[in-house]
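Q: Sequence isn't available, so here's the structure alone:
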């Protein structure tokens, strides 16, 4: 069995937040790809085929909802774990049965970065162990 390749794409227009999140994911064994807006994020998705996409909701050029929906469309059967991360969400991280605003998982930006990594690891493990279905 091949070792698990964990690649995350982080899309956020806040350079400080992008750096903090990138560092914590790198320190926890993820290969990290970053983009500073939705259009660059879609290109990075196509070029890198990440296992996880974490997108800010409000960004210039293309917002998080449109970005997540386009990534989902482009991914076809190989859809990554898609997460919206934004300061507009309050309370605990939440997973929806059906995607809302382009993502099944919504996480407030106020969540500790290490907790975000733990949530992503759990979601990725569940996502990769799920049998393929149409």
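A: That came in fine, so what should we check first? Bear in mind the structure is a predicted one, so any value in this text is a computation, not a measurement.
Q: Mind giving me the packing neighbours of the helix or strand of the chain with the lowest mean pLDDT?
A: Taking mean pLDDT, DSSP states H and E as the measure, strand 94-100 is the helix or strand of the chain with the lowest mean score, a mean of 76. Packing partners of strand 94-100 (3 or more CB pairs under 8 Å, 6 or more residues apart in numbering; DSSP states H and E): strand 103-108. C-betas here are computed from N, CA, C, even on glycine.
Q: what inclination does the strand it packs on have with respect to strand 94-100?
A: 140 degrees (axes from the mean of the first three to the mean of the last three CA atoms, to 10 degrees).
Q: Residues in contact with the helix or strand just after strand 103-108: which ones?
A: Sequence order places helix 113-129 as the next helix or strand after strand 103-108, per DSSP states H and E. Here helix 113-129 makes contact (CB atoms under 8 Å, 6 or more residues apart in numbering) with 4, 6, 8, 20-21, 24-25, 28, 30, 51-52, 54, 80-81, 83, 85, 93, 95, 105, 107, 111.
Q: So among the residues you listed, which ones count as buried?
A: Among the contacts of helix 113-129, those buried by neighbour count (16 or more other CB atoms under 10 Å) are 6, 8, 21, 24-25, 30, 51-52, 54, 80-81, 83, 85, 93, 105, 107.
Q: picking up where we left off before, restricted to helices, list the contacts of helix 113-129.
A: 20-21, 24-25 (DSSP state H).
Q: Right, I'll leave it there.
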